[in-house]
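> Just the structure for this:
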Amino acid sequence: MMTDAQKVAPDIVTLLAHTWAALGSGAIDAETIPRIWAYDMGWFDIDTAKKIRDTLLQTDWLVSSDSGLVPGIDVEGVEHTFGWMPLMRTLLNPPPCPRETAGADSLGTVAPAAAVSPPSPSSDPSGSTTRESTVPTTMDPAAAGIEGLLKQVTAASSLANKEVLRRAQRKRRALGPITLWMCILLVAREQDLQVGPLLQSLGE
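This next block holds a predicted model:
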């Protein structure tokens with residue numbers, strides 16, 4: 001049965017379902033979501049991905065929780081096909097999320113704020129203040145370094161940033177289950193670049 005959210009904006013529902021499908025339930029750090037859309041999915045450039053994240057926050061399709069962002073709707077069971085691509089018009093000018101479906105209880109308690117809220121500091125018994133990491137443990141640790149890796153390959157080769165990303169995405173589609181950063185390294189190798197220093201920089 002189609003939900004109210006799917007009737008109002010099926011593209012947004014599918015985008016959120018795709019985003020959380022690989023990670024399961026749980027909050028995702030606000031800065032990680034644009035990286036997933038730009039680098040893992042290859043849907044947008046990073047600036048557009050951040051803008052879409054913010055518009056979805058403002059319209060309650062994404063909401064803040066204590067440990068990151070969660071969908072404002074229940075995305076479990078939403079069908080999403082391989083190769084699906086989002087429509088920009090809907091994402092850049094989204095309608096408000098239907099109130100009756102807002103608040104994804106299955107993904108954690110949702111805060112009412114419609115803006116990116118920094119994680120609150122917590123104190124350990126020794127009195128020192130720490131911040132709990134909100135990056136999902138299922139994320140590849142090297143994924144956070146993709147943006148820097150792209151810049152290095154672009155600077156050291158004759159290719160533009162978008163061309164490096166385009167070639168990497170093409171390799172990813174051809175090779176199947178493989179990380180995007182590995183495909184970027186394959187592009188770098190084709191450009192006769194030394195892969196060792198690039199690989200080392202991912203762990204820094």
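> which outside residues touch the longest helix seen in the chain?
Across the chain, the longest stretch assigned as helix under DSSP state H is helix 161-175. Contacting residues not belonging to helix 161-175 are listed as 39, 42, 45, 150-151, 153-154, 157, 159, 178, 180, 183-184, 186-187, 190 [Cβ atoms under 8 Å, 6 or more residues apart in numbering]. No exception for glycine: its C-beta is placed from N, CA and C like everyone else's.
> Narrow these to those that are buried.
The neighbour-count test (16 or more other Cβ atoms under 10 Å) applied to these identifies 39, 42, 45, 150, 153-154, 157, 159, 180, 183-184, 186-187 as buried.
> ok, which stretches of the chain are strands?
In the chain, strands defined by DSSP state E lie at 62-65, 68-71, 122-123, 129-130, listed in chain order.
> For Val8, give me its contacts.
When contacts are counted by Cβ under 8 Å, 6+ apart, Val8 is found next to 95, 97-98.
> how about the helices in the protein?
In order along the chain, the chain carries the following helices (DSSP H): 4-8, 10-21, 32-35, 46-58, 88-92, 146-156, 161-175, 180-190, 195-202.
> For these, please prepare JSON lines with the additional fields mean pLDDT and distance to Glu79.
Output for the helices of the chain, formatted as JSON lines (pLDDT from 0 to 100; distance: least, Cβ to Cβ, whole Å):
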{"stretch": "helix 4-8", "mean pLDDT": "82", "distance to Glu79": "10"}
{"stretch": "helix 10-21", "mean pLDDT": "86", "distance to Glu79": "8"}
{"stretch": "helix 32-35", "mean pLDDT": "90", "distance to Glu79": "21"}
{"stretch": "helix 46-58", "mean pLDDT": "93", "distance to Glu79": "20"}
{"stretch": "helix 88-92", "mean pLDDT": "85", "distance to Glu79": "18"}
{"stretch": "helix 146-156", "mean pLDDT": "84", "distance to Glu79": "28"}
{"stretch": "helix 161-175", "mean pLDDT": "79", "distance to Glu79": "21"}
{"stretch": "helix 180-190", "mean pLDDT": "84", "distance to Glu79": "24"}
{"stretch": "helix 195-202", "mean pLDDT": "76", "distance to Glu79": "34"}
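> Many thanks, have a good one.
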